[in-house]
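**Q** Sharing a model prediction with you, sequence too.
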Amino acid sequence: MLNGLLSKAFKKSIWVYHANSGGCNGCDIEVLNVLTPYYDVERFGIKLVGSPRHADVMLCQGPASRPTAKALRRAYEAMPAPKLVFAIGSCACGGGIWYDTYNVIGSIDKIIPVDFYIPGCPPRPEAIVFGVAVALGVVDKKVAPVRFKQLEFPIARYHPQDLVEEDGMLVYSKMDHI
Amino acid sequence: MLKLSKLKEAIICLKAGKVTLPYPAGPAPVPSGFRGRPVFDPDLCIGCGGCANNCPAREILISDVCQEIRIIRYSGQRCTYCGRCADLCPEKAITISHEFETATNSIEDLRQEIEVFMGTCQRCGRCFKNENPLNDLILKGYRADDLAANRWVHTSRSFLGEGDFGDLKIELD
């Protein structure tokens, strides 16, 4: 449903607003790299604007820190609907390495609703382009949660009842499993 | 003079030719030293917990359900892809892949969880040797990280009864 809505709402050019709420500038540089002639996203109509009031998409870098959380929320509220929020980098996705320090609240989804996550520290420009493509429904996402469970105990447990007598010696019968 | 400099610029632009990379249409090869998403191999993992103890972002949580089952959870949110876990792993169960196309609409998609059986020492139940006595003090025996809240629990502090700090509250309005 969201994809259908997105393809209707963002049929033409997407204007992005670039909000840094306390990152280290690494992700900023990667975002600007996307706009350079090498990764030229302006051919897809993506354009950087200076005000959240003109923007369709907010690209967020950096964790939500105590001084900037309020400003981030205000910038989000200033954007006209329909709006999308991208969390770019590990700080925006999960709070970064310093997620538990005194002035870092954590990931930005504690402050504003986030639609798409692009992890990486910093993510490659290709990864950001891929994230935009996922958001527009051009390609499918490539990650899924993984869960493995060992069903069988790999090593035979030592039990006294497995001791058997062979040729007058006490031998552990599951010796070859150990 | 101005017109001449414009002409110079045009010549430079023509000389450069087409520089745009064909990424969304074509493949984007990464350099050989590139560190992407770590991939955990459950067949090789012995559950030593070295990756969890040395992760700078405390991204790998360990929870001992009982004496012989240990859950290791990597929840890729704030991973900086430093590759320390792969360097440390004694069994080479963690490999740093070249995978970078990890954009997703739900952060739980990045999670990798392994549930392994632990071999126990016949005498003491569990024998773990840390590098130095200080590490012995910090991480002793069982680990019980909070998997529901996705939070590392400092063993010595939780033992003293001051482990739960709660989230910071901030006034937004």
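**A** Happy to help now that I have it.

**Q** so what's the residue most central in space within chain B closest to, chain neighbours aside?
**A** By CA atoms, centre = their mean, chain B has its centre lying nearest to residue B:79, at 4.1 Å. Take residue B:79 and drop its neighbours on the chain: the residue closest to it by CB to CB, 6 or more residues apart in numbering or on different chains is residue B:59, 5.0 Å away. (Each C-beta comes from the backbone N, C-alpha and C, glycine too.)

**Q** ok, that neighbour touching residue B:81?
**A** No - using CB atoms under 8 Å, residue B:59 makes no contact with residue B:81, being 10.3 Å away.

**Q** higher neighbour count, those two?
**A** Comparing residue B:59 with residue B:81 by other CB atoms under 10 Å in any protein chain shown, the one with more neighbours is residue B:59, at 25 against 22.

**Q** Do a quick rundown of the strands in chain B.
**A** Taking DSSP state E, the strands of chain B run over residues B:38-40, B:60-64, B:69-75, B:94-96, B:111-117.

**Q** and the angle for the third one with strand B:60-64?
**A** Strand B:69-75 and strand B:60-64 meet at an angle of 160 degrees, taking axes from the mean of the first three to the mean of the last three CA atoms, to 10 degrees as the criterion.

**Q** could I get the strands of chain B as a markdown table with distance to chain A and mean pLDDT?
**A** What follows is these, written out as a markdown table (distance: least, CB to the nearest CB, whole Å; pLDDT from 0 to 100):
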| stretch | distance to chain A | mean pLDDT |
| --- | --- | --- |
| strand B:38-40 | 8 | 91 |
| strand B:60-64 | 13 | 86 |
| strand B:69-75 | 8 | 88 |
| strand B:94-96 | 13 | 91 |
| strand B:111-117 | 4 | 89 |
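
**Q** neighbours of whichever residue of chain A sits closest to chain B, just the number please.
**A** The minimum distance from chain A to chain B, using CB to the nearest CB, falls at residue A:94 (2.7 Å). Residue A:94 has 27 neighbouring residues, counting by other CB under 10 Å.

**Q** Quick check, it in contact with residue B:77.
**A** Yes - taking CB under 8 Å as the definition, residue A:94 is a contact partner of residue B:77 at 2.7 Å.
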